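Engineer: turn this into a model:
(chains A and B)
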Amino acid sequence: MYGALWRVLPGPWWVRVLILLVLLVLVLWALVTWVFPWVDSLLNANEQGTVGT
Amino acid sequence: MSAPVSTPGPAADESPRRGRRNRGGARVSIVGVFGELLVTAGVIVLLFIGWQNWWNSWVLNAQQNGAASQLSKEWLQESGESGDGSTASSAPSGSGSGQAQTSSTIPVSDEPSHAQAVGIMYVPRFGTEWRRTIREGTGDDVLNSYDAGVGHYDGTAMPGGVGNFAVAAHDTGWGNTFLHMQNLRVGDKIYVQTKDGFYTYAFRNYEYVQPTAVDVLLPVPHEAKAKASDRLLTMTTCNPPYHSVERLIAYGVLESFSKTPPAAIASEVG
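Structural biologist: Numbering: from 1, shown residues only, chains lettered A, B, ... in the order given. Prediction:
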């Protein structure tokens, strides 16, 4: 999978590394912004500081 | 991140064994992709743990502190600009700048609309850097936010009001806002800043209750029929830390109000 991704990417090795780094940052940003808060809300559905909810 | 590392293997294998790859390649690559997916999932789980314990706790803690400082500065500037006029008219009834005022002159604002700022909280026992914006409502949009962390229960008293000024926050995660709530000692000061000035509450006692115990929010906690005369503060968070079996409640009583920052937090404000 990652090997295929490496072969599909154009350019010399350092261009590919650069593209991969950009992709990695995008993936991490999506995880932190959407995925992790969503998973956290599933795991801690009860873990509120409030009474009565 | 594993991509550059894993490439030399397949890439090196490719050229001498191109013929074999076509026959066995499909089966091997399915297993290989499955393995890579598993490794990726493992890395993501580790990242999530890191996010929970570092980013979502300590980085967010700093962000929420910063947001509260920002708001505090804006409010102090606003009151400074309009200060000359308003103090001139209200000074005769007050006892001078910075002095505690009698209960009849304590200003109480109206409850703002949802997610609007109610006040800024300072609790020296939680750390000298600790401060939080209190926003209206106790939903995830307030408690799980980058710029608040403390939510004001809808319909409860506002800062300084007769009755119960009730707020909630997480103890762990989302800024670790009330992580140190069980460290409060009787008499510890809890300061709440609004556009009007600074309300000083003193911590009085704890209570451990079930998550369903909404009567801690009553104007007189637990006493639905009692008529409120005290100006209370109620803080709720989950207990024990990292779990939510119970709720930890901390009660405080209003001690004083002053237009200027109290000496204890004067250096931190603004």
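Engineer: only C-alpha atoms for contact and neighbour calcs from this point on.
Structural biologist: Will do.
Engineer: give the bridge partners for residue B:120, please.
Structural biologist: In this entry, residue B:120 is beta-bridged to residue B:133, residue B:193, by DSSP bridges.
Engineer: in PDB, could you pull the C-alpha coordinates for stretch B:63-78?
Structural biologist: In PDB, the C-alpha atoms belonging to stretch B:63-78 read as follows (Å, rounded to 0.1, in the frame of the first residue of the first chain):
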ATOM      1  CA  GLN B  63      -4.900  27.800  24.900                       C
ATOM      2  CA  GLN B  64      -7.900  28.300  27.200                       C
ATOM      3  CA  ASN B  65      -5.700  30.300  29.600                       C
ATOM      4  CA  GLY B  66      -4.600  32.500  26.700                       C
ATOM      5  CA  ALA B  67      -8.200  33.000  25.500                       C
ATOM      6  CA  ALA B  68      -9.200  34.100  29.000                       C
ATOM      7  CA  SER B  69      -6.300  36.500  29.300                       C
ATOM      8  CA  GLN B  70      -7.200  38.000  26.000                       C
ATOM      9  CA  LEU B  71     -10.900  38.600  27.000                       C
ATOM     10  CA  SER B  72      -9.800  40.000  30.400                       C
ATOM     11  CA  LYS B  73      -7.600  42.500  28.600                       C
ATOM     12  CA  GLU B  74     -10.400  43.600  26.400                       C
ATOM     13  CA  TRP B  75     -12.800  44.000  29.300                       C
ATOM     14  CA  LEU B  76     -10.300  46.000  31.300                       C
ATOM     15  CA  GLN B  77      -9.700  48.300  28.400                       C
ATOM     16  CA  GLU B  78     -13.400  48.800  27.800                       C
END
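Engineer: now check that stretch, is it near chain A?
Structural biologist: No. Between stretch B:63-78 and chain A, judged by Cα under 8 Å from any Cα of the partner chain, nothing touches; the nearest distance is 15.1 Å.
Engineer: can you pull the buried residues of stretch B:253-270?
Structural biologist: Under the neighbour-count criterion of 16 or more other Cα atoms under 10 Å in any protein chain shown, stretch B:253-270 has B:253-262, B:269-270 buried.
Engineer: list every C-alpha atom in it, with coordinates, as PDB.
Structural biologist: Written as PDB, here are the backbone C-alpha positions of stretch B:253-270 (Å, rounded to 0.1, in the frame of the first residue of the first chain):
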ATOM      1  CA  VAL B 253     -19.900  32.000  49.200                       C
ATOM      2  CA  LEU B 254     -19.500  35.600  47.900                       C
ATOM      3  CA  GLU B 255     -17.200  37.600  50.000                       C
ATOM      4  CA  SER B 256     -16.800  40.900  48.200                       C
ATOM      5  CA  PHE B 257     -17.000  42.800  45.000                       C
ATOM      6  CA  SER B 258     -14.600  45.400  43.700                       C
ATOM      7  CA  LYS B 259     -14.300  47.300  40.400                       C
ATOM      8  CA  THR B 260     -10.500  46.800  40.300                       C
ATOM      9  CA  PRO B 261      -8.600  43.600  40.400                       C
ATOM     10  CA  PRO B 262      -8.100  42.200  43.900                       C
ATOM     11  CA  ALA B 263      -4.500  42.400  45.100                       C
ATOM     12  CA  ALA B 264      -4.100  38.600  45.000                       C
ATOM     13  CA  ILE B 265      -4.600  38.300  41.300                       C
ATOM     14  CA  ALA B 266      -3.700  41.900  40.200                       C
ATOM     15  CA  SER B 267      -0.500  40.800  38.700                       C
ATOM     16  CA  GLU B 268      -2.200  38.100  36.600                       C
ATOM     17  CA  VAL B 269      -5.100  40.100  35.300                       C
ATOM     18  CA  GLY B 270      -4.800  41.800  31.900                       C
END
